[in-house]
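[1] fold the following and give me the result.
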Amino acid sequence: MDKLAFLLRPKWLVLAAVVLAFAFLCFSVLAPWQLGKNTSTSERNDLITRSVDADPVPISDVLTADGFPAEDEWRRVIAPGSYVADSDVLVRLRSIRDQPAYEVITPFVIDGGPTVLVNRGYVLPVEGTRAPEFEAAPTGDVTLNARVRQAEGTSREPVEDDGRLQVYNINPEQIGAAVGVDAIDGYLQLDDGQPGGLGLIELPQTDAGPYLSYGLQWLAFGIMAPLGLAYFARAEIRERRNARAQLADAMSGEPDTEGEAGPDQAGPDEEEEFTLPTRREKRARARAASRPTTPSNPRLADRYGKNR
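    This next block holds a predicted model:
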């Protein structure tokens, strides 16, 4: 066990703590984070794929007292009703085809049912980031073909800019309170060519993304970090063993003129501390350095400068 005593030194304890903390984060936070994103992306892609091939259904078939079920997201529905006039809201900080954009949200009253928010599409800013003028939603009864979407969380409070109410997320509770309507949870995203539609928001790509490979990489890092620590500890043990063996060889050919080793002097099998060499050690090292090189080591001697 004395050979492992150096592992109890502060620098090795700190290194071990950092490595173990990193490995714990890899297994408990980083890998589950990426693997969870892979799972949610796969589920979303399945819902989108099923919705593309399915026929639209009446909105009453998917509407519940709490809004739209999560398993019905992206499903195509038919919604008869009318838009609420003068209640448009702009969603800030959106990107359409790598361009900054605003999305336009307008409340919609379903015939014989509740009020739901409708994402009418997008408009591009003008003069930098200023919101443009856009066509108002039609009045009177209309029938919409749209896709069911889940509500987003909230990040910041609504703001008013250029006379228009603007938000950062599509959250029915927040938007409904801002415009004075009681909107159900979730919203509708218009298909192409619908009444009140603006720029069409295309469906997301259904590729799996890199999340699975990222999650597996974090798992690999969590395994490799402790193994790396073990490798360096083993290398340190090997170097210390070689150093003790070389010192023992050098001292074996020198007669003991200083007397027997005292209780405070380290023997060849004990852990060496970094102390100033004694006169005996100096003579031993000088004697070893002055030995003539043999035919088997002239190249090494020249390489490491012992003949220079």
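
[2] from here on, just use CA atoms for contacts and neighbour counts.
    Will do.

[3] so what's the residue count around Tyr122?
    As a burial measure, Tyr122 scores 23 neighbours (other Cα atoms under 10 Å).

[4] looking at the chain, which helix or strand does the model trust least?
    helix 298-303 (a mean of 48; mean pLDDT, DSSP states H and E).

[5] and the longest strand along the chain, what does it pack against?
    What stands out as the longest strand in the chain, according to DSSP state E, is strand 99-110. Contact analysis of strand 99-110 by 3 or more Cα pairs under 8 Å, 6 or more residues apart in numbering; DSSP states H and E lists strand 76-83, strand 89-96, strand 115-123 as its packing neighbours.

[6] same list (those strands) but as TSV, adding distance to Pro56.
    Converted to TSV, the helices and strands packed on strand 99-110 look like this (distance: least, Cα to Cα, whole Å):
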stretch	distance to Pro56
strand 76-83	5
strand 89-96	25
strand 115-123	17
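
[7] out of the ones you listed, deepest packed?
    strand 115-123 (a mean of 25; mean count of other Cα atoms under 10 Å).

[8] centre of the chain versus the very next helix or strand once past that one, how much separation?
    Note on strand 115-123: by DSSP states H and E, the next helix or strand toward the C-terminus is strand 141-149. Taking Cα atoms, centre = their mean, to the nearest Å, one finds strand 141-149 lying 36 Å from the centre of the chain it belongs to.

[9] over to stretch 28-43?
    Distance, centroid of stretch 28-43 to centroid of chain: 9 Å (Cα atoms, centre = their mean).

[10] in PDB, list the C-alpha atoms belonging to it.
    Listed next in PDB are the C-alpha coordinates belonging to stretch 28-43 (Å, rounded to 0.1, in the frame of the first residue of the first chain):
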ATOM      1  CA  SER A  28     -26.700  11.700 -15.100                       C
ATOM      2  CA  VAL A  29     -27.000  14.900 -17.100                       C
ATOM      3  CA  LEU A  30     -25.300  15.200 -20.500                       C
ATOM      4  CA  ALA A  31     -26.000  11.800 -22.000                       C
ATOM      5  CA  PRO A  32     -29.700  11.700 -20.800                       C
ATOM      6  CA  TRP A  33     -30.100  15.200 -22.200                       C
ATOM      7  CA  GLN A  34     -29.000  14.200 -25.700                       C
ATOM      8  CA  LEU A  35     -30.800  10.900 -25.700                       C
ATOM      9  CA  GLY A  36     -34.000  12.500 -24.500                       C
ATOM     10  CA  LYS A  37     -33.800  15.000 -27.400                       C
ATOM     11  CA  ASN A  38     -33.300  12.000 -29.700                       C
ATOM     12  CA  THR A  39     -36.400  10.400 -28.300                       C
ATOM     13  CA  SER A  40     -38.600  13.500 -28.500                       C
ATOM     14  CA  THR A  41     -37.400  14.200 -32.100                       C
ATOM     15  CA  SER A  42     -38.200  10.600 -33.100                       C
ATOM     16  CA  GLU A  43     -41.700  10.900 -31.600                       C
END
